[in-house]
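[1] Provided below are the primary sequence and the corresponding predicted coordinates.
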Amino acid sequence: MDIIKLEIHPEYVYLQMQVDPQTGVHKVIKQIKSRTSRILREEFPTLKTKLPTLWTNNYFISTENKLQNEIVDDYIKTQKTSQRQ
């Protein structure tokens, strides 16, 4: 797995990555959510008792080519702009 881009917003995380097809994207997403949940709960112990889970089961996956990459970049930029306002 190679992370190409990472954008963190108050409500969302945009992660653009390249994943080996043999691994399976769903496995990578599960690993990311599991590890970040563990790290956050270690850093903030109150999360252990306040929330049963930190992440929803939802995620969006899309494949892209170079042209679509520009569209995704533009989308992320508009999200950043709209959240600042």
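    Perfect, I can see it now. Numbers count the residues shown, from 1 in each chain.

[2] Need the three-state assignment for the residue sitting furthest away from the middle of the chain.
    In the chain, counting by CA atoms, centre = their mean, residue 49 sits farthest out from the average C-alpha position, at 23.9 Å. Secondary structure, DSSP: H, G, I helix; E, B strand; the rest coil: residue 49 is helix.

[3] Where does pLDDT dip in the chain?
    66-67, 80-85 (pLDDT under 70).

[4] Can you show me the strands along it?
    Under the criterion DSSP state E, the chain contains strands at 2-8, 13-18.

[5] and among those, the most buried is which?
    Of all those, strand 13-18 carries the top mean neighbour count, a mean of 13, counting by mean count of other CB atoms under 10 Å. Where C-beta positions appear, they are placed from N, C-alpha and C, glycine not excepted.

[6] Next, count neighbours for residue 61.
    Residue 61: 9 surrounding residues under other CB atoms under 10 Å.

[7] Ok, residue 43 next?
    8.

[8] Also residue 73?
    13.

[9] so who does it touch?
    residue 5 (CB atoms under 8 Å, 6 or more residues apart in numbering).

[10] Offset the numbering so it begins at 14, please.
    Renumbered: residue one is now 14, and that last one reads residue 86.

[11] quick one: the helices in this protein?
    Assigned by DSSP state H, the helices in the chain fall at 38-56, 59-63, 79-97.

[12] would you list those in a markdown table and tack on distance to residue 20?
    Below are these laid out as a markdown table (distance: least, CB to CB, whole Å):
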| stretch | distance to residue 20 |
| --- | --- |
| helix 38-56 | 15 |
| helix 59-63 | 23 |
| helix 79-97 | 5 |
